[in-house]
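> Sequence unavailable; structure follows:
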């Protein structure tokens, strides 16, 4: 939970900074943070599907959240 909360804070601050600046450096920083976030989500999906993490959500929802991260990574690479 703490890791997820920290990601949310960092990502929110990064998005706020990127709203007004469209520089390549900001885009690169956002992409880097999103890749780290994707790794976190991947670990969550693997933990849920491997029965190592007890979860109230269905594995399909966890996978959906991971696919969202992959979608934003594709957008940021354009």
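Now that the structure is in, tell me what you want to look at. Every value quoted in this text rests on a predicted model; they were computed, and no experiment measured them.
> which outside residues touch the helix or strand bottoming out on mean pLDDT in the chain?
Least confident element among the helices and strands of the chain, by mean pLDDT, DSSP states H and E: helix 2-20 (a mean of 76). The contact list for helix 2-20, computed with C-beta atoms under 8 Å, 6 or more residues apart in numbering, reads 26-27, 29-30, 33-34, 36-37, 40. Any C-beta I mention is one placed from the backbone N, CA and C, and that applies to glycine too.
> Try it again at 6 Å.
The contact list for helix 2-20, computed with C-beta atoms under 6 Å, 6 or more residues apart in numbering, reads 26, 30, 33, 37.
> among these, who's most crowded?
Neighbour tally across those (other C-beta atoms under 10 Å): the maximum, 20 neighbours, falls on residue 37.
> tell me which residues of whichever strand or helix holds residue 37 are tucked away?
Taking DSSP states H and E as the criterion, the element that holds residue 37 is helix 24-49. Residues 30, 33-34, 37-38, 41, 44-45, 48 are the ones in helix 24-49 that count as buried (16 or more other C-beta atoms under 10 Å).
> chain center to it: distance?
Helix 24-49 sits 4 Å away from the centroid of its parent chain (C-alpha atoms, centre = their mean, to the nearest Å).
> again, but for stretch 43-54
Its chain's C-alpha centre lies 16 Å from the corresponding centre of stretch 43-54 when counted by C-alpha atoms, centre = their mean.
> Now tell me what touches it from outside.
If you take C-beta under 6 Å, 6+ apart as the criterion, stretch 43-54 is touched by 55, 59, 62-63, 66.
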